[in-house]
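[1] Fold the stuff below for me.
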Amino acid sequence: MSDRLDLFPPSSSLDPDRQLRHLFGFTDFRPGQREAIEAVLAGRDVLAVMPTGQGKSLCFQLPATLQPGLTLVISPLIALMKDQVDALRAKGIAAAAFHSGLSESERDRVVQDLKLGRLRLLYVAPERVQHDWFMRLLRSAWVSLFAVDEAHCISHWGHDFRPDYLRLGALRRELQSPPCLALTATATPMVQADIAEKLGLRDPLRVVTGFRRPNLRFSVQPCGSTAEKFSALEQALAEVQDGSAIVYCATRKHVEEVAVALSRVSLASRTPRHASRLTPHASRLSVGYYHAGLDDDLRAKVHEQFLSGRIAVLVATNAFGMGIDKPDVRLVVHYDVPGSLEAYYQEAGRAGRDGRPASCVLLFHRQDVRTQEYFIKQSGNEQADTLRELLRRMVAYTSVETCRQLAFLDYFGDIDERALGPCGRCDRCLDPPTTGATATDPEEHAAVQAVLHTVACLHGRFGATRIVEVLHGGLSKQVTRLRLHTMAGFGQLRSWRRPAITGLVQRLIASGYLRVEGLEFPVLEITAKGASMLDGKEPLLPSSSSLPNDADLFERLRRLRTHLAAEEGVAPFVVFHDKTLRLIASRRPASVAELGEIPGIGPAKLERYGRKVVEIVNE
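    Numbering: from 1, shown residues only. Here you go, the predicted model:
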């Protein structure tokens, strides 16, 4: 290793641009990288908040090749350390990792190289620095840069708080307070302040490159049951035309159940042109799973198979993904609701790292919130209130009426990116929730009244699942035991499918007519706005039912939708729902302006598709 070091001697005459091209093989810095690197080389503390895939690791790897001394990198995952060390060594950079997975001879080699000053970078886990003998070894080395990866783990307000990170401020002081570079992909202003305080950063340069991911399409799909959720997962995977997919679950049990179920599913009969691309070895999905309960060797094998493409769909807990550099992930599905928006945005951000379009789907079943509440209870009293507030904000995100990306930008306080406006790709931009118009469908009018009346009569005692069951007329043991079948509204929507009732309930929540109270046992309550609607004082939701239309025009619009969807690589319903096409066929808008008056067509859709739709109408 020492021989290879001579190829890249530290020298102030080597500038970052030259090193970027000749050693790392890149022609240009990504946003934020140059500012962070130049500040590090000037000996300044830096706090860098850069999205997943933006190249945070280069911000300490490149300076390590230009300045003398050791760059100590605190990293939480062995797999992440191994990937980065292997890549650095392939470039001739003397790097090593010290962790529990090393053999005795490997540990001895690292210690020897460290004592002899052969290393440029040393990766260690935060718990490793608690050992006195290791601390003595580090103090004998010259640490010229102290880099903390996944720095949000030091904050109670971060989405992945780890007590071991709290020792890092003291560790830095014991090493004579070398310049510090703290890096994370997701941090609110509150978390950024917490990181700076706990690491003792001195007037740090803050590099925040923006949280907008313009190539990602975010969507939330409400589900009324586990079966509905799995069906939605199958559909999402069926629409992946190439690349790979990650499915995140909250528990190890769910991971294994979902992976086994997917392994039995063949997409060939449903989407033959997609199946061969998604499944390189067979007509069935090539599925793997990953969680902390697997032994180290098996986790490493699954990790390698996913990166190499032999596994097309990986079902995993949040133990997988941190630092994973796989560019062709076209879909990230959250089968269970995550514990915070930070966790969700970071995990979803593993999609589309090559800059091409990718989808991020959250399958939201309110019963799943109980799992996160259970985790909160296990965390201890000191952390519970903080985690509960993070979960509340996560749940609130599922029913926002505005652009999903804007919701993230508001949460992270990214004022500059927010000024650029809606993303134009998410489910809210492409199919805005309908509110405030006058209903034209008597059947839906009656259904809205039925839902509101039933919720009001139950006085906030039950959640959405039970409300839907009562309205549909289900005679479960719970319904009969609680005598809910004797209610006046029981079975009032028996002619509706349960998913349709669930969708109506979700629309009423998103529009502010109903609200959800509680996390562990969420219940539905009627709001003042909903009470006004029930009394006839508030405008009703617009109709989404089928309206009279020109059948020929409707079919021509459907063909246009299919063509547009194929061009953009999305499902047809993402472009327009059937209900919107029926409204267009019925009203026959003669101009783009008239088209914009039709419910379900927001500004983004109008700009993207308006001219082509009007051409079809006017043929």
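[2] I'd like the distance between Asn408 and Ala245.
    Quick fix: residue 408 is Phe, not Asn. The spacing between Phe408 and Ala245, counted by C-beta to C-beta, to the nearest Å, is 21 Å. (C-beta placed from N, C-alpha, C; glycine too.)
[3] most centrally placed residue in this structure?
    The C-alpha lying nearest the average C-alpha coordinate of the chain belongs to Ala348 (C-alpha atoms, centre = their mean; 2.5 Å).
[4] hang on, that residue packs against Val329?
    No: counting by C-beta atoms under 8 Å, Ala348 stays clear of Val329, with 10.1 Å between them.
[5] just to revisit the earlier point, residues touching the residue nearest to the centre of the chain, list them.
    Residues near Ala348 by C-beta atoms under 8 Å, 6 or more residues apart in numbering: Leu216, Phe218, Val332, His334, Cys360.
[6] Are we agreed that the second one is in a helix?
    No: with the criterion set as DSSP: H, G, I helix; E, B strand; the rest coil, the secondary structure at Phe218 is strand rather than a helix.
[7] Could you find the closest non-adjacent residue to it?
    Closest residue in space to Phe218, ignoring its immediate chain neighbours: Arg404 at 3.8 Å, by C-beta to C-beta, 6 or more residues apart in numbering.
[8] And that neighbour, how close does it get to Pro222?
    Distance of Arg404 to Pro222, given as C-beta to C-beta: 14 Å.
[9] Please apply the same query to Arg356.
    28 Å.
[10] Compare those two (neighbour count), which wins?
    When Arg356 and Pro222 are compared for neighbours, Pro222 comes out ahead with 23 against 14, by other C-beta atoms under 10 Å.
[11] Quickly find the element holding the closest residue to the more buried one other than its chain neighbours.
    Counting by C-beta to C-beta, 6+ apart, Pro222 lies nearest to Gln506, which is 4.4 Å off, once chain neighbours are set aside. Element membership for Gln506, per DSSP states H and E: helix 498-510.
[12] what's the answer for Ile93, then?
    Using DSSP H and E, Ile93 maps to neither a helix nor a strand.
[13] and it, how many neighbours does it have?
    A count of nearby residues for Ile93, using other C-beta under 10 Å, gives 23.
[14] Quick check, it in contact with Leu121.
    Yes: at 7.1 Å, Ile93 and Leu121 qualify as touching, with contact defined as C-beta under 8 Å.
[15] shared neighbours, the two?
    By C-beta under 8 Å, 6+ apart, Ile93 and Leu121 have these common neighbours: Gln61, Ala64.
[16] picking that back up, mind putting the contacts of Ala348 into TSV with neighbour count?
    Rendered in TSV, the data for the contacts of Ala348 read as follows (neighbours: other C-beta atoms under 10 Å):
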residue	neighbour count
Leu216	21
Phe218	26
Val332	25
His334	22
Cys360	26
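[17] so, if you compare those, which one comes nearest to Arg587?
    Nearest to Arg587 out of the contacts of Ala348 is Phe218 (C-beta to C-beta; 30.0 Å).
[18] Looks like the closest one contacts Leu406 (just checking).
    No: Phe218 sits out of contact with Leu406 when judged by C-beta under 8 Å, with a separation of 10.5 Å.
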